[in-house]
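sequence first, predicted model second:
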Amino acid sequence: MVEQVLGNARNLRPGQHGVASPWSLGRLAQRPEAPGAPHAGGVIHSSPVSAPASLSLGLPEGGATSLAAAAGAAVQPIPALTSVRGLAAWWVVLFHFVPDLLAVAPPALIRFANQGYLAVDLFFQLSGLVIALNYAPQFRRFEWNRFRRFLALRLARIYPLHLVALCLFLINPIAIDLFSAQGETGGRYDPAYFLLSLLLVQNWGLTSVLAWNVPAWSISTEWFAYLAFPFLVLLANRGARGLFSTLACLAVLLGALAALAPPIGLGGDIPGFGLLRCVLGFGIGVLICRLHALRQGRARAESDLCVLLALGCFGAYAVLPLPDSLIMPLGFLLLIFGLADNAALASRLLRWPVLESIGLVSYSTYLIHYFVKDWVKFLLVRPEVPEAVPVLAYLLVTALASVLLYRLVEVPGRRALRRFA
């Protein structure tokens with residue numbers, strides 16, 4: 001029993017091992033010098049503090065569609081996207097407990113939770129948008145010192161919590177050794193994979209499995225996207241200079257994601273496809289930033305229409321036999337672009353402090369829920385325990401652990417590492 005729960009993780013469906021990132025998301029986008037990211041978030045902003053005259057990707061200095069009209073432009077929070085990030089993180093939480101939800105949840109909720117692996121694609125797009133909003137202006141020209149500082153700030157944002165969560169998983173093989181008659185972990189606790197995870201390279205095509213803190217695969221690919229970010233900005237500056245060229249570039253990335261996805265869908269072959277999935281999604285997010293700049297000051301009806309079209313994509317996927325790779329990334333793109341406008345109706349509806357708070361701690365939710373799942377299944381999933389008890393324990397402990405880790409690890413760890421950036 002112990003080795004099945006803490007070792008083999010056999011309740012995972014092949015090829016769909018969940019997300020991430022909440023995005024790195026506590027304060028999803030912060031000031032340029034602050035470490036705001038998709039999987040380690042916070043409150044998303046549409047433009048940084050003390051912005052240069054032009055923050056758009058590839059626009060001329062002082063261009064009318066720049067993200068900030070002039071130096072010293074005020075930060076404009078986008079709380080709706082912070083709320084969406086939090087909801088997406090809990091979509092992943094539900095996804096990883098689907099087998100145990102079957103007995104207690106209505107069929108509609110089961111069908112919804114069963115698609116929770118798609119939240120990672122939403123995280124990747126949010127991540128690209130947020131990083132571009134905050135850092136793209138610094139890479140109009142590549143400078144090594146700026147790149148080094150950028151990476152240091154990103155690492156300060158994602159690594160402390162990743163390290164603590166990873167080390168918590170050391171308890172699992174110890175428990176297997178102490179309490180399991182067979183002492184067999186099923187390969188999930190491979191020491192080599194642990195070392196790769198410490199270096200954030202575990203999902204760079206170096207392995208054929210997911211192990212230890214399974215959802216952290218997306219944090220690994222996010223780190224790769226950060227390394228590639230200046231080059232993505234360079235490509236955006238050269239290839240997406242106007243509205244039509246930006247839309248064309250978005251169509252290319254969406255088409256590539258649909259064409260290259262495994263036959264099983266976006267959740268398939270994560271060790272092999274996950275890195276490309278992240279880079280393409282992250283690149284879409286960078287281009288959403290570009291599109292947002294070009295359409296700054298757009299009519300509210302345009303943003304509302306995009307949200308409605310996004311809902312149409314999600315509805316079509318729910319009722320029609322469409323590949324997830326064909327329709328869902330497009331839906332996420334439209335949703336993010338629509339909600340980036342604070343005047344949009346849906347954006348105002350999502351501007352609820354409770355949802356924003358959930359988004360604030362979503363990175364902690366994302367990285368700790370799998371550990372909670374392992375131990376809830378080990379301790380509570382048994383014939384004599386009512387079926388609702390493990391589900392409630394999983395949800396409540398995940399929520400509590402999210403808040404504690406955010407306050408005790410994520411924020412202090414970020415501040416400590418920033419001193420060296």
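Ah, there it is.

spatially nearest residue to residue 287 (excluding sequence neighbours)?
Leaving aside its chain neighbours, residue 287 sits nearest to residue 250 (5.1 Å; criterion: C-beta to C-beta, 6 or more residues apart in numbering). Any C-beta I mention is one placed from the backbone N, CA and C, and that applies to glycine too.

buried set for the one helix or strand the one you found maps to?
Per DSSP states H and E, residue 250 falls inside helix 243-260. The neighbour-count check on helix 243-260 (16 or more other C-beta atoms under 10 Å) flags 245, 246, 249, 250, 253, 254, 256, 257, 258 as buried.

between these, which is closest to residue 166?
Ranked by distance to residue 166 (C-beta to C-beta), those are led by residue 257 at 28.7 Å.

any stretches of the stretch 51-200 of the chain with poor pLDDT?
Residues of the stretch 51-200 of the chain that meet the criterion pLDDT under 70 lie in 51-76, 180-186.

that one: helices as residue ranges?
Counting by DSSP state H, counting those that start in this stretch, residue ranges of the helices within the stretch 51-200 of the chain are 79-95, 98-101, 107-113, 119-135, 144-168, 171-179, 191-198.

same deal with the stretch 301-421 of the chain?
Along the stretch 301-421 of the chain, counting by DSSP H, counting those that start in this stretch, helices occupy 324-339, 345-349, 353-360, 362-380, 388-405, 411-418.

between these, which has the poorest mean confidence score?
With a mean of 90, helix 345-349 has the lowest mean pLDDT of those.

comparing the helices of the stretch 301-421 of the chain, which comes out most buried?
helix 362-380 (a mean of 26; mean count of other C-beta atoms under 10 Å).

neighbouring contacts of stretch 315-335?
For stretch 315-335, contacts defined as C-beta atoms under 8 Å, 6 or more residues apart in numbering pick out 84, 111, 115, 118, 121-122, 125, 250, 254, 257-258, 261, 265-267, 281, 284, 288, 306-307, 309-314.

mind checking how far residue 169 is from residue 331?
For residue 169, the distance to residue 331 (C-beta to C-beta, to the nearest Å) stands at 33 Å.

centre of the chain to stretch 334-347, how far?
Computed by C-alpha atoms, centre = their mean, to the nearest Å, the separation of stretch 334-347 from the middle of its chain amounts to 18 Å.

hang on, the earlier thing: mark which of the contacts of stretch 315-335 are buried, thanks.
Neighbour counting over these (16+ other C-beta under 10 Å) leaves 84, 115, 118, 121-122, 125, 250, 254, 257-258, 261, 265-267, 281, 284, 288, 306-307, 309-310, 313-314 as the buried ones.

how much space between residue 135 and residue 149?
When distance is defined by C-beta to C-beta, residue 135 is 10 Å away from residue 149.

the two: which is more packed in?
Ranked by neighbour count (other C-beta atoms under 10 Å), residue 135 and residue 149 place residue 135 first, with 25 against 16.

what's the neighbour count on the closest residue to that one other than its chain neighbours?
Closest residue to residue 135 apart from its sequence neighbours, by C-beta to C-beta, 6+ apart: residue 150 at 5.9 Å. Counted with other C-beta under 10 Å, residues neighbouring residue 150 total 24.

residues contacting residue 150?
By C-beta under 8 Å, 6+ apart, the contact list for residue 150 reads 135, 138, 226, 229.

which residues does the last one contact?
Think residue 229. Residue 229 is in contact with 131, 135, 139, 150, 282, 286, counting by C-beta under 8 Å, 6+ apart.

could you report the separation of the residue lying closest to residue 95 once chain neighbours are set aside from residue 206?
What sits nearest to residue 95 in space, not counting adjacent residues and going by C-beta to C-beta, 6+ apart, is residue 116, at 2.6 Å. From residue 116 over to residue 206 the distance is 26 Å, taken as C-beta to C-beta.

more crowded one of those two?
Between residue 116 and residue 206, counting by other C-beta under 10 Å, residue 116 is the more crowded of the two (23 against 13).

any idea how far that one is from residue 98?
In terms of C-beta to C-beta, residue 116 sits 8 Å off from residue 98.

next, residue 264: secondary structure please.
coil (DSSP: H, G, I helix; E, B strand; the rest coil).

follow-up on the earlier one: in JSON lines: the contacts of residue 150, plus distance to residue 378.
Output for the contacts of residue 150, formatted as JSON lines (distance: C-beta to C-beta, whole Å):
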{"residue": "135", "distance to residue 378": "42"}
{"residue": "138", "distance to residue 378": "46"}
{"residue": "226", "distance to residue 378": "35"}
{"residue": "229", "distance to residue 378": "40"}
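
you'd agree residue 367 is up against residue 162?
Yes: applying C-beta atoms under 8 Å as the test, residue 367 and residue 162 come out as touching, 6.4 Å apart.

touching both of the two, which residues are there?
Common contacts of residue 367 and residue 162 (C-beta under 8 Å, 6+ apart): 213, 216, 219.

angles on the backbone of the first one, please.
Which is residue 213. Backbone geometry at residue 213, expressed as degrees, to the nearest 10, gives phi -80, psi 90.

just the second one next, same as before
Recorded main-chain torsions at residue 216 are phi -70, psi 0, according to degrees, to the nearest 10.

tell me who's in contact with it.
By C-beta under 8 Å, 6+ apart, the contact set of residue 216 is 162, 165, 166, 197, 202, 367.

could you verify that the fifth one is part of a helix?
No: applying three-state DSSP, one finds residue 202 to be coil, outside a helix.

so how many other residues sit close to it?
For residue 202, using other C-beta under 10 Å, the count is 26.

name the nearest residue to it, ignoring sequence neighbours.
residue 196 (4.0 Å).
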